[in-house]
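> could you work out the structure for the sequence below:
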Amino acid sequence: MILVTGATGNVGRAVMTQLNPGEARALLRSTGADLARPETLTTALDGVDTVFLVWPFLTPDGAGETLDVIARHARRVIYLSSSAVRFGRDTDPITRLHADLEAAVQATGLEWTILRADTFASNALGWAAQLRAGDVVRGPGSAATAVIDPADIAAAAVRVLLDAQPGTTHTLTGPEVLSRADQVRILGTALGRELTFAPTPFDDARAQLLADGRPPALVEALIDSAENRPRSDLVTSAVQELTGRPARSFREWADRNLNAYS
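Sure, this is the predicted structure:
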């Protein structure tokens, strides 16, 4: 039995659809189970051999206690991390979080596998409201990366969940390095519109995110990441090696998600 955390998110939901119902169980807060309260996890972990771990918090606080409970029930853990960890722990708060979680997972004594994913294509859904209102996307600029379709992350995760690869780390990327301006241009092509990305100063972006009601800690983490994370030219073949097919392009993701922008 595989316990899938983050089962209602972009990756976890796709993992659940690709696993047979009899081999997967979703960790749902509606059942009373909460990663922030390790004592609530016992029932969800009953009979579980493997845990797919998506850590939903901005700090590693409490992760040790949660992993201790997991280790008392399961044999394996697959952790969804960030490709930015390779730049160093102190690059930005989000990278620091994932680096700390990787270390905590590796210290459990469980069989572990780390999946380091690059920028999610689904982050572009955050532009939907702007694109329904006009043809300009405004936001903080950030370094280009090999943007990856969450469905490919899920497919790679399923292969690792079903075919144990203990002690390994896989860096998952899309097929091409894209800036935010590139992504907006590709979205425009898919939508049949001429779209423009207008980078905003980081202070202005911070003020707008706060005005939109985003939690201050999340806003600071996002701005810090956008400002300090270096450009990445890395494109890997990990998706193909794990799934047997090439990683999907951002255009393919866009074509599947056009309804979000109308």
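> and the strands in the stretch 51-200 of the chain?
Assigned by DSSP state E, counting those that start in this stretch, the stretch 51-200 of the chain shows strands spanning 76-82, 111-117, 136-140, 168-172, 196-200.
> any chance of the ones you listed in a markdown table, with mean neighbour count and mean pLDDT too?
Every residue, glycine included, has its C-beta placed from N, CA and C. Shown next, in a markdown table, are these (neighbours: other Cβ atoms under 10 Å; pLDDT from 0 to 100):
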| stretch | mean neighbour count | mean pLDDT |
| --- | --- | --- |
| strand 76-82 | 24 | 98 |
| strand 111-117 | 21 | 98 |
| strand 136-140 | 18 | 92 |
| strand 168-172 | 19 | 98 |
| strand 196-200 | 15 | 95 |
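> now for the ones you listed, which one comes closest to residue 227?
Proximity to residue 227 (Cβ to Cβ) singles out strand 136-140 among the strands of the stretch 51-200 of the chain, at 7.4 Å.
> what angle sits between the closest one and strand 196-200?
With axes from the mean of the first three to the mean of the last three Cα atoms, to 10 degrees defining the directions, strand 136-140 sits at 30 degrees from strand 196-200.
> partner strands of strand 136-140, with direction?
strand 196-200 (parallel) (DSSP bridges).
> who touches the strand it pairs with?
135-141, 180-181, 183-185, 208 (Cβ atoms under 8 Å, 6 or more residues apart in numbering).
> next secondary structure element downstream of that strand?
As assigned by DSSP states H and E, the chain's next helix or strand after strand 196-200 is helix 202-211.
> and the helix or strand that comes right after that following helix, what does it pack against?
Tracing the chain past helix 202-211, the next element assigned as helix or strand by DSSP H and E is helix 216-228. Applying 3 or more Cβ pairs under 8 Å, 6 or more residues apart in numbering; DSSP states H and E, one finds that helix 216-228 contacts helix 93-106, strand 136-140, helix 202-211.
> what about the helix or strand following helix 216-228, distance to the chain center?
Going down the chain from helix 216-228, the next helix or strand is helix 238-243, by DSSP H and E. Offset of helix 238-243 from its chain centre (Cα atoms, centre = their mean, to the nearest Å): 17 Å.
> next, the buried residues of helix 238-243.
For helix 238-243, the neighbour count (16 or more other Cβ atoms under 10 Å) marks 238, 239, 242, 243 as buried.
> mind listing what the third one touches?
Put plainly, it is residue 242. By Cβ under 8 Å, 6+ apart, the contact set of residue 242 is 155, 156, 159, 160, 170.
> now do the second one
Neighbouring residues of residue 239 by Cβ under 8 Å, 6+ apart: 148, 152, 155, 156, 172, 173, 245, 246, 247.
> distance of the closest residue to the fourth one other than its chain neighbours from residue 226?
Setting aside the residues directly before and after it, residue 156 is nearest to residue 242 in space (Cβ to Cβ, 6 or more residues apart in numbering), at 4.4 Å. According to Cβ to Cβ, to the nearest Å, residue 242 stands 29 Å off from residue 226.
> kindly report the same for residue 177.
On the measure of Cβ to Cβ, residue 177 and residue 226 end up 16 Å apart.
> just the pLDDT for the residue nearest to residue 194 when sequence neighbours are not counted.
In space, and not counting its chain neighbours, residue 194 is closest to residue 188: 5.6 Å by Cβ to Cβ, 6+ apart. Looking at residue 188, its pLDDT reads 97.
> name the residues of stretch 221-231 that are buried.
Buried-residue list, stretch 221-231, by 16+ other Cβ under 10 Å: 221, 222, 223, 224, 225, 226, 228, 229.
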